[in-house]
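[1] Dropping the sequence and predicted coords here.
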Amino acid sequence: MLNNRKVLVLNQNYEPFSLCTTKRAIILLFTNKVHVVEKYDEVVHSVNAELPSPSIVRLGRYIHKPHKKVQLNRKNILKRDKHICQYCGHNSQPMTVDHIIPKSYGGKDTWENLVCACPKCNRIKGNQTPEQAGMNLLKKPKKPGHLFYLYNLIGDPPASWKQYLFLN
């Protein structure tokens, strides 16, 4: 249903701000709080009018919203790594979280030292560094940015959104 379709809301400076439904975007449009940046192909009908369904709207004034800090926890490590083992690249379930530098070697609980690993790779690596175990990481882990929450809400965004989400 059109009312449940996601609409990307940009701050006045075109920074991704949030998501809302088509219904909410139209209400914001009629109250002059947003401007339409991109439209879907569908049309929304009312008693007196018909207008293109908004896909992306931009706020009429800048709203300061402090960036959320991404909590370091198992769930977010797995989300960051897209449930893909960072050693072998497989996506088997259930996944574990591995310390790249084991705690016994002074490894800390940080975004840069924790990765998603399948149980098999975690067992093979054991209480060793990747070098000692002869294993390589697919990519260097890093702390996710402030758009992490928005990306998780969006899922697979429409092509027209990608330039505004810095995915191009």
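    Arrived safely, thanks for sending. Numbers count the residues shown, from 1 in each chain.

[2] What residue in this structure is the furthest from its centre?
    residue 48 (38.4 Å; CA atoms, centre = their mean).

[3] contacts for stretch 40-54?
    For stretch 40-54, the external contacting residues (CB atoms under 8 Å, 6 or more residues apart in numbering) are 2, 5, 7, 22, 25, 26, 29, 34, 36, 38, 39, 55. Any C-beta I mention is one placed from the backbone N, CA and C, and that applies to glycine too.

[4] Farthest-apart pair in the residues you listed, please.
    Across these, no pair lies farther apart than 2 and 34, at 17.2 Å, counting by CB to CB.

[5] Which one of these two is surrounded by more residues?
    Summary of the neighbour comparison: residue 2 and residue 34, criterion other CB atoms under 10 Å, with residue 34 having more neighbours (25 against 14).

[6] Residue 28 is in contact with that one, correct?
    Yes. Using CB atoms under 8 Å, residue 34 makes contact with residue 28 at a distance of 4.4 Å.

[7] any common contacting residues for these two?
    Residues touching both residue 34 and residue 28 by CB under 8 Å, 6+ apart: residue 57.

[8] and residue 29, which of the three is it?
    helix (DSSP: H, G, I helix; E, B strand; the rest coil).

[9] That one: what's it in contact with?
    35, 36, 54, 57.

[10] Which among the residues you listed count as buried?
    Buried residues within the contacts of residue 29, defined by neighbour count using 16 or more other CB atoms under 10 Å: 36, 54, 57.

[11] which of the contacts of residue 29 lies closest to residue 135?
    Using CB to CB, residue 57 is the member of these that lies nearest residue 135, at 46.4 Å.

[12] can you pull up the bridge partners for the closest one?
    residue 9, residue 36 (DSSP bridges).

[13] Please report how far it lies from residue 163.
    Noted for residue 57: a distance of 15 Å to residue 163, by CB to CB, to the nearest Å.

[14] now swap in residue 113 and tell me
    33 Å.

[15] Among these two, which residue is more densely surrounded?
    Comparing residue 113 with residue 163 by neighbour count (other CB under 10 Å), the higher total belongs to residue 113, at 16 against 12.

[16] Enumerate every residue touching that one.
    99, 100, 101, 107, 141.

[17] of those, closest to residue 81?
    For the contacts of residue 113, the closest approach to residue 81 (CB to CB) belongs to residue 141, at 7.5 Å.

[18] Residue 139 against residue 86, yeah?
    Yes. In terms of CB under 8 Å, residue 139 counts as a neighbour of residue 86; the distance is 6.9 Å.

[19] neighbour count winner among the two?
    The neighbour comparison of residue 139 against residue 86 (other CB under 10 Å) goes to residue 86, with 25 against 9.
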